[in-house]
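Q: structure here, sequence nowhere to be found:
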């Protein structure tokens, strides 16, 4: 049986010569003789006799060496197992580290994406701020323009106000003159109206003046006078209407009204002329307290300036008459 040598030669331990030995090989003959043979370069064996004691010592040394090799082999096996365990631990650590690195990498990737989104939002916000800033500048410019326009308009309106005041005053003056011309052509108008109901309880022959029912007349003027007197008796009684006026060249007129007797209505017409001042020109006997009306229509050619005044009277102080609001006298100066 051949054993590899440390220097490349072979050691054979067997009871017969090796079949294909090489120079430098050793053959220990186990056939009974304690002979160690060495293969020479000449192709023959050089036999060396070894004492038995030396051989035993060598065998013991080989045995010890074999045991040491076995122990070393076991130590190498333990180390190999330890290396394997360490390798597995390193592999597990590598895997865990790889997982942590992957997790951290994913977190960093997510954070990077979020930073990118925030960056885009900030960019959009910056653009919005730029747009708003431009609009604000534009608005300020518009405000300045409008402010200047308002200032100009204010000055213009101030100037126009002065001009308008003068123009309006002139216009009013012109209109007043035109009204005067129209009044001269159509006759100056006077309108007198009773604003509040008035109670009349006078029994005097010329009666008492009804407040508000008076017309001013000028000498030489000719006036058309008309009017409506609404009244209501407090009890069945007689009503008299009187006109008090200044001297006239001539005058003529009528007063028409109702005369209620026992629910039967008849029309009463009173007439007068220039000599009827302070005389009763209309008299009606009223049997009810219903509202009634008397209508005046006359022409006055005035001789002396004065006032045409409408008076009223009753037959008994205890039965007053109310001249109602809305009663009026109206006069046109026609000459």
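A: Thanks, I have the structure now. Given the structure is predicted, the values throughout are model-derived calculations rather than measurements.

Q: in the stretch 151-300 of the chain, what spans have low per-residue confidence?
A: For the stretch 151-300 of the chain, the stretches flagged by pLDDT under 70 are 153, 156-187, 261-265.

Q: show me where it has its strands.
A: 189-193, 198-200, 208-217, 222-233, 237-244, 248-261, 264-273, 279-286, 291-302 (DSSP state E, counting those that start in this stretch).

Q: for residue 88, which of those strands is the nearest?
A: Closest to residue 88 of the strands of the stretch 151-300 of the chain is strand 189-193 (C-beta to C-beta; 125.7 Å). Every C-beta, even on glycine, is put in place using the N, C-alpha and C of the backbone.

Q: who's in contact with the closest one?
A: 183, 212-216, 326-332 (C-beta atoms under 8 Å, 6 or more residues apart in numbering).

Q: weed out the non-buried ones from those residues.
A: 212, 213, 214, 215, 327, 328, 329, 330, 331 (16 or more other C-beta atoms under 10 Å).

Q: max pairwise distance over those: which two?
A: 327 and 331 (14.8 Å).

Q: what segments of the stretch 1-150 of the chain are strands?
A: 2-4, 10-14, 26-29, 35-39, 45-49.

Q: for residue 283, which of those is the nearest?
A: Comparing those by C-beta to C-beta, strand 2-4 comes nearest, at 178.7 Å.

Q: and the closest one, what's its mean pLDDT?
A: Strand 2-4 shows a mean pLDDT of 53.

Q: and for stretch 19-32?
A: 85.

Q: distance to residue 298 for the contacts of strand 189-193 - can I get that in TSV?
A: Below are the contacts of strand 189-193 laid out as TSV (distance: C-beta to C-beta, whole Å):
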residue	distance to residue 298
183	21
212	18
213	14
214	14
215	10
216	16
326	20
327	16
328	14
329	10
330	11
331	10
332	12
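
Q: and of those, the nearest to residue 81?
A: The closest of the contacts of strand 189-193, once distances to residue 81 are taken by C-beta to C-beta, is residue 326, at 134.5 Å.

Q: which SS class is that closest one?
A: Look at residue 326: counting by DSSP: H, G, I helix; E, B strand; the rest coil, its state is coil.

Q: before we move on, what about the one 3 residues further on?
A: The assignment at residue 329 comes out as strand when based on three-state DSSP.

Q: rewinding a little: so which of the strands of the stretch 1-150 of the chain comes closest to residue 135?
A: strand 2-4 (97.0 Å).

Q: and residue 195, what does it touch?
A: 212, 325.

Q: for the remainder of this discussion, apply numbering that starts at 112.
A: Let's use 112 as the start, then, which means that last one is residue 306.

Q: residue 412 versus that one, what's the distance?
A: Relative to residue 412, residue 306 is positioned 30 Å away (C-beta to C-beta, to the nearest Å).

Q: and the strands of the stretch 262-411 of the chain, which is most packed in?
A: When the strands of the stretch 262-411 of the chain are scored by mean count of other C-beta atoms under 10 Å, the highest mean neighbour count falls to strand 348-355 (a mean of 22).

Q: my read: residue 346 touches residue 399, true?
A: No: assessed by C-beta atoms under 8 Å, residue 346 is found out of contact with residue 399, at 9.4 Å.

Q: walk me through the domains of the protein.
A: Domain segmentation of the chain under automatic domain parsing yields 113-161, 180-228, 300-444.

Q: for residue 379, give its distance to residue 234.
A: Taking C-beta to C-beta, one finds residue 379 at 103 Å from residue 234.

Q: now residue 159
A: Counting by C-beta to C-beta - residue 159 and residue 234 are separated by 97 Å.

Q: re the thing from before, deepest in the core, which of the strands of the stretch 112-261 of the chain is it.
A: Note that of these, strand 137-140 is the most buried (mean count of other C-beta under 10 Å), with a mean of 20.

Q: in terms of secondary structure, what does that strand contact?
A: Strand 137-140 makes packing contacts with strand 121-125, strand 146-150 when contacts are defined by 3 or more C-beta pairs under 8 Å, 6 or more residues apart in numbering; DSSP states H and E.

Q: try it again with 10 Å
A: strand 113-115, strand 121-125, strand 146-150, strand 156-160 (3 or more C-beta pairs under 10 Å, 6 or more residues apart in numbering; DSSP states H and E).

Q: CSV for those strands, including distance to residue 357?
A: Compiled in CSV, these are given as follows (distance: least, C-beta to C-beta, whole Å):
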stretch, distance to residue 357
strand 113-115, 178
strand 121-125, 184
strand 146-150, 191
strand 156-160, 197
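
Q: select, out of the ones you listed, the one closest to residue 337.
A: strand 113-115 (166.2 Å).

Q: need the contact list for residue 369.
A: 376, 377, 378, 379, 395, 397, 401, 402, 403, 404, 405 (C-beta atoms under 10 Å, 6 or more residues apart in numbering).

Q: need the residues you listed in JSON lines (columns: distance to residue 428).
A: Shown next, in JSON lines, are the contacts of residue 369 (distance: C-beta to C-beta, whole Å):
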{"residue": "376", "distance to residue 428": "27"}
{"residue": "377", "distance to residue 428": "27"}
{"residue": "378", "distance to residue 428": "28"}
{"residue": "379", "distance to residue 428": "23"}
{"residue": "395", "distance to residue 428": "18"}
{"residue": "397", "distance to residue 428": "16"}
{"residue": "401", "distance to residue 428": "22"}
{"residue": "402", "distance to residue 428": "22"}
{"residue": "403", "distance to residue 428": "20"}
{"residue": "404", "distance to residue 428": "24"}
{"residue": "405", "distance to residue 428": "21"}
